[in-house]
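Give me a model of this one.
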Amino acid sequence: MDQSLESRFRGRFKDPDFTNLELAAIDWLDGFYQLEHLLSTRAWTVRLVPTASAELKFAALVHDAERFFPGGPSGTPDTTFDDPDYLFAHSIRSADIVEDWLRKQPSVPEAFIRRVRQLVLRHEIGGNTEEDILQAADSLSWFDTLDWLAYEWASSGKLSHGKVCDKLDWMLTRIRPTVAMENALDIYREAIASLEGRNDVAQMDLAERRRIAGSKRILLGL
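Here you go, the predicted structure:
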C-alpha cells in the first residue's frame, strides 16, 4: 500500500457540520470509487453558496447514487456525454434510488424528500439558481477529484483521448454561475494536465487511488 498517497487524502472531507442524515448517506454509499466525488460536490456547493440549504447540500452528496448500484446506464456512454437519453436515464434512476432510501429513514419531512428529488433530477441540466449551483459543483468536483479517472480512461484505451477531452470540455461549458466559473478554469487546466500525463497523476498507483476515492474512513479521517 502506498501510504504516502493515502496520507494526501486522509481527512480531506472531514466536516463537523455533517448532519446525521448526511452521515447515514455516507455510510450507505461507502466503498465505491465515486464517494470522493460526492463529498467534493457537497464541499464545492458550500464553497459556492455558504448559506446553501440542507436540501441542496444533501442532493450534492447523493446526486450520483445510482452509479453505486448495478443495472444503470454506463458512466461512459456510447454516444456523447451530453446525450439527453443518457443524462435523463442516469438522473431519474439516481432520484428514484435516493427517494427510496430517504423514505426508509426516520422522520425525514416530505418537503425535504421532494426537493432533494427535484435537485437530483436536474443535476445534469441545471434550472433555477440552486439547480445551476449543483450542476456547477458537480463539474468542479469532477475536475478536482476524478482527474485520475480521466487519465485511466485514456491510458487504458477504454476511451480515446479525444473523447475524454470532450468530457472535460462539456463539464466546463455547462457551468453557468459566475462564482463557479471564477473557480473553474485553473482546476480544468489541471485536469487536462492530468489527462496528458503532465503531473503526478501519471505516476500514481491508480488501483490504490481508486481505493482511496471510495473510502469513507480515509476521506473523513476516521
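
burial of Ala24, as a residue count?
The tally of other residues near Ala24 (other CB atoms under 10 Å) stands at 15. C-beta coordinates here come from the backbone N, C-alpha and C atoms, glycine included.

any idea how far Ala213 is from the most centrally placed residue in the chain?
By CA atoms, centre = their mean, the chain has its centre lying nearest to His37, at 3.4 Å. Separation of His37 from Ala213 (CB to CB, to the nearest Å): 7 Å.

Which parts of this protein are helices?
Taking DSSP state H as the criterion, the chain carries its helices at 3-9, 20-29, 35-48, 54-62, 84-103, 110-121, 129-145, 147-156, 161-173, 178-195, 206-213, 216-219.

okay if I get those helices as a markdown table plus distance to Ser74 and mean pLDDT?
As requested, the helices of the chain are exported to a markdown table (distance: least, CB to CB, whole Å; pLDDT from 0 to 100):
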| stretch | distance to Ser74 | mean pLDDT |
| --- | --- | --- |
| helix 3-9 | 26 | 88 |
| helix 20-29 | 19 | 98 |
| helix 35-48 | 16 | 98 |
| helix 54-62 | 20 | 98 |
| helix 84-103 | 8 | 95 |
| helix 110-121 | 19 | 98 |
| helix 129-145 | 16 | 97 |
| helix 147-156 | 12 | 94 |
| helix 161-173 | 13 | 93 |
| helix 178-195 | 20 | 95 |
| helix 206-213 | 17 | 97 |
| helix 216-219 | 25 | 98 |
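
which one of those lies closest to Pro70?
When these are compared by CB to CB, helix 84-103 sits nearest Pro70, at 11.3 Å.
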